[in-house]
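Undergrad: model the following, please.
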Amino acid sequence: MTISGKKPPLWLPITRDEMLHRGWNEVDVVLITGDAYVDHPSFGTAVVSRVIEKEGLRVAIVPQPNWQDDLRDFRKFGKPKLFFGVASGNMDSMVNHYTANKRLRSDDAFTPGGNAGFRPDYAAYVYTRICKQLYPDVPVVLGGIEASLRRLTHYDYWSNSLKPSILTDTGADLLIYGMGERPLVALLNELKSGKPFAELTNIPQTAYLTENKTVAQNFHESIELPAHEVCVKDKKAFALAFRLTEQESNRWQVKHILQAVGEKVVAVNPPFPPMEETELDAVYDLPFTRLPHPKYAKRGTIPAYEMIRHSVNIHRGCFGGCSFCTISAHQGKFITSRSEASVLREAEAITRMPDFKGYITDLGGPSANMYRMKGFDTALCKKCGRASCIFPSVCKNLNFDHQPLTALYRKVAVLPQIKKVTIGSGIRYDLLAGKSDEENRRFGLREYTRQVIVHHVSGRLKVAPEHTADSVLQIMRKPSFRLFHDFKKQFDAINRENGLNQQLIPYFISSHPGCSLENMAELAVETKTLGYKLEQVQDLTPTPMTLASVMYYTGLDPYTIKPVYVAKNREDKLNQQRFFFWYKPENKAWIRATLKKLRKEELLRKLF
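TA: Residues are numbered from 1 along each chain as shown. Here you go, the predicted model:
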């Protein structure tokens with residue numbers, strides 16, 4: 001379609017004038033998001049909008065609407081023919097807004113200029129309620145990570161309370177969880193066929209509120225969780241609800257999950273199977289501009305975009321299963337990878353960007369080195385319910401061959417206009433360290449390690465051991481710290497052999513369930529012995545639908561119902577952090593007194 005001989009703009013409309021410029025008087029779907037509009041495949045709203053466009057429908061976007069005025073942003077496109085799609089953005093809005101100590105952040109990486117204040121707390125809740133207030137007869141579909149991880153009863157750290165499914169409080173009509181392309185297309189096809197929204201109860205990877213009788217009629221194989229009200233009264237019941245949810249979510253073939261809340265039931269349909277390579281390629285082949293909307297040109301850069309503008313996502317999913325991480329809960333445990341051809345097409349597109357200076361900043365994903373990895377025998381995977389394929393040990397059925405990834409790095413690196421490819425995603429060194437000669441040969445582990453260290457590090461390689469104490473690492477579902485020692489030896493040796501002066505930078509977490517002051521003192525001594533004065537550290541933020549958040553709230557391990565120590569109050573959490581910075585003068589007197597009180601003079605002697 002052209003208007004007055006001119007082609008329509010490349011970006012999808014975010015203003016009414018842009019909609020009219022396309023010759024549209026109305027749209028089929030209005031997407032509302034807490035992020036600025038960046039038309040790049042790393043941003044969920046961009047992907048969703050392009051998928052809707054590909055289905056032949058008219059879609060408009062309302063990025064970062066003002067929720068405190070006369071609500072004109074929510075009304076500027078009028079009433080959509082099909083539904084409103086609501087997401088808080090690429091991050092949970094509460095993680096976006098607050099530090100682990102619940103202090104308000106002064107910036108927002110998904111806003112032009114990095115300015116804070118352009119989205120509300122609990123953004124998905126607020127946006128949905130406004131849509132329902134203005135257009136009560138228009139369905140609302142929730143999506144994105146905030147909705148996905150709040151689809152059932154969950155612990156909300158910021159209010160220190162258990163909250164019911166986000167469907168209950170918002171009044172949304174449907175929730176799409178996980179990576180949403182497939183369920184979105186299924187939803188659109190049902191609506192295009194004329195099916196009433198109220199009858200859309202069988203779409204995989206969706207959740208909705210219903211009555212008990214309806215659930216009983218529609219579902220034959222299901223798991224019923226303890227009711228929300230029971231979870232509120234009984235922490236053991238909540239721990240059980242989480243355990244059942246996590247166990248079921250990590251299976252290939254998932255049952256329906258049901259949870260009563262008040263007089264209704266939250267029904268969670270099983271997810272779609274993992275995407276095929278061709279399907280994922282098709283997503284990345286959509287016509288993204290790869291740029292922020294021109295509207296933001298005078299407001300400053302968008303920090304989150306600056307980080308990924310010249311990077312390529314090569315796979316989805318993570319089989320690490322770390323207790324504090326939301327990736328597998330949202331993206332799934334099973335890896336879906338793009339083809340080499342698709343990755344190379346995107347890399348070539350980046351080289352044609354006007355600001356490209358020759359450096360690809362990442363070829364990665366949730367973890368850098370899980371590309372094309374899956375079970376040798378998929379039939380065994382379909383029977384498995386493990387939360388992690390690599391903890392407490394690497395599954396014997398896991399094909400963790402790194403040779404396809406090494407080959408991909410090399411093919412991208414030799415493209416014209418590319419000077420260097422660096423790997424910015426975190427590398428799982430437990431897939432590389434402590435392996436036998438046979439495993440190193442069979443899976444190309446030493447070759448991959450050398451390729452990364454020699455050719456794809458920009459001075460510093462970041463890895464995430466998270467802690468040094470094996471007792472804490474067990475609860476974290478992370479490998480023993482001895483594997484970090486092994487990997488560091490390889491890193492240092494390869495640097496020496498090649499005359500390189502590069503650093504290995506470890507990430508650590510304090511205040512994780514199971515972590516005591518003594519454990520933090522041991523971490524301080526261990527890292528000092530390795531020559532580190534730590535920089536990359538964080539205090540645990542318990543986020544919805546993670547094992548760590550459940551242990552934090554209940555004080556129990558959901559799998560054993562045994563007590564777990566948790567540092568909860570502000571003083572205890574700050575005291576754990578002090579051990580990260582043992583070398584600062586303001587911390588030394590307190591650390592000395594604390595270690596004497598704990599009768600850990602030997603740690604005191606090693607530290608000072």
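Undergrad: now residue 302. Its backbone dihedrals?
TA: phi -100, psi 110 (degrees, to the nearest 10).
Undergrad: my bad, should have said residue 48
TA: phi -60, psi -40.
Undergrad: give me the pLDDT for it.
TA: For residue 48, the model assigns a pLDDT of 98.
Undergrad: OK, contacts around it?
TA: 31, 85, 87, 143, 180, 181, 184 (CB atoms under 8 Å, 6 or more residues apart in numbering). (Each C-beta comes from the backbone N, C-alpha and C, glycine too.)
Undergrad: so what's the third one closest to, chain neighbours aside?
TA: The spatially closest residue to residue 87, leaving aside those adjacent along the chain, is residue 144, at 3.1 Å (CB to CB, 6 or more residues apart in numbering).
Undergrad: and the gap between residue 572 and residue 516?
TA: Going from residue 572 to residue 516 by CB to CB, to the nearest Å gives 10 Å.
Undergrad: looking at it, residue 119 is touching residue 89, isn't it?
TA: Yes - shown here, residue 119 and residue 89 form a contact pair, counting by CB atoms under 8 Å, at 6.7 Å.
Undergrad: which neighbours do these two share?
TA: 34, 35, 96.
Undergrad: what distance do you get for the second one to residue 582?
TA: Meaning residue 35. 38 Å.
Undergrad: pLDDT weak spots in the stretch 51-200 of the chain?
TA: Nowhere does the stretch 51-200 of the chain drop to pLDDT under 70.
Undergrad: for stretch 74-88, buried residues please.
TA: Buried positions in stretch 74-88, judged by neighbour count with 16 or more other CB atoms under 10 Å: 74, 75, 76, 77, 80, 82, 83, 84, 85, 86, 87, 88.
Undergrad: from the chain's centre, how far out does that stretch sit?
TA: 25 Å (CA atoms, centre = their mean, to the nearest Å).
Undergrad: rewinding a little: out of the shared contacts of residue 119 and residue 89, who has the most neighbours?
TA: residue 34 (30 neighbours; other CB atoms under 10 Å).
Undergrad: so it is in contact with residue 88, correct?
TA: Yes - taking contacts as CB under 8 Å, residue 34 lies within contact range of residue 88: 4.5 Å.
Undergrad: residue nearest the centroid of this protein?
TA: Closest to where the C-alpha atoms of the chain average out (CA atoms, centre = their mean) is residue 327, at 4.2 Å.
Undergrad: just checking, it touches residue 366?
TA: Yes - shown here, residue 327 and residue 366 form a contact pair, counting by CB under 8 Å, at 4.5 Å.
Undergrad: need the residues touching each of those two.
TA: By CB under 8 Å, 6+ apart, the residues touching both residue 327 and residue 366 are 317, 318.
Undergrad: quick one: which helix or strand includes the nearest residue to residue 134 once chain neighbours are set aside?
TA: For residue 134, ignoring the flanking residues on the chain, the nearest one in space by CB to CB, 6+ apart is residue 74 at 5.7 Å. Using DSSP states H and E, residue 74 sits in helix 72-75.
Undergrad: what strands line up against the very next helix or strand once past that helix, and which way round?
TA: Of the helices and strands lying after helix 72-75 in sequence (DSSP H and E), the nearest is strand 83-87. Here strand 83-87 has these sheet partners by DSSP bridges: strand 29-33 (parallel), strand 140-142 (parallel).
Undergrad: ok, the residue nearest to the centre of the chain - contacts?
TA: Residue 327 neighbours (CB under 8 Å, 6+ apart): 317, 318, 320, 366.
Undergrad: let's go with 10 Å and repeat that
TA: Contacts for residue 327 (CB atoms under 10 Å, 6 or more residues apart in numbering) come out as 145, 316, 317, 318, 319, 320, 321, 333, 365, 366, 367, 546.
Undergrad: most neighbours out of those residues, which is it?
TA: residue 319 leads the contacts of residue 327 on contacts (other CB under 10 Å) with 29 neighbours.
Undergrad: let me know the secondary structure of it.
TA: At residue 319 the chain is in coil, as set by DSSP: H, G, I helix; E, B strand; the rest coil.
Undergrad: then residue 279?
TA: helix.
Undergrad: just residue 586 next, same as before
TA: Applying three-state DSSP: residue 586 is helix.
Undergrad: try residue 463
TA: Taking three-state DSSP, the label given to residue 463 is strand.
Undergrad: and it, what does it touch?
TA: Per CB under 10 Å, 6+ apart, neighbours of residue 463: 368, 426-430, 484, 487-488, 491, 504-507, 536.
Undergrad: emit the ChimeraX select command for whichever of the residues you listed are buried.
TA: Selection command for ChimeraX covering only the buried members of the contacts of residue 463, criterion 16+ other CB under 10 Å:
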select :368,426,427,428,429,430,484,487,488,491,504,506
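Undergrad: which residue in the contacts of residue 463 has the weakest pLDDT?
TA: residue 536 (84).
Undergrad: now that residue. Nearest residue, chain neighbours left out?
TA: residue 507 (4.6 Å).
Undergrad: equivalent analysis for residue 177, please.
TA: residue 148 (4.1 Å).
Undergrad: before we move on, what about residue 469?
TA: residue 519 (4.3 Å).
Undergrad: packing partners for the strand or helix carrying that neighbour?
TA: Assigned by DSSP H and E, residue 519 belongs to helix 517-529. Where contact means 3 or more CB pairs under 10 Å, 6 or more residues apart in numbering; DSSP states H and E, helix 517-529 is packed against strand 460-466, helix 470-476, strand 503-510, helix 570-578, helix 585-597, helix 601-607.
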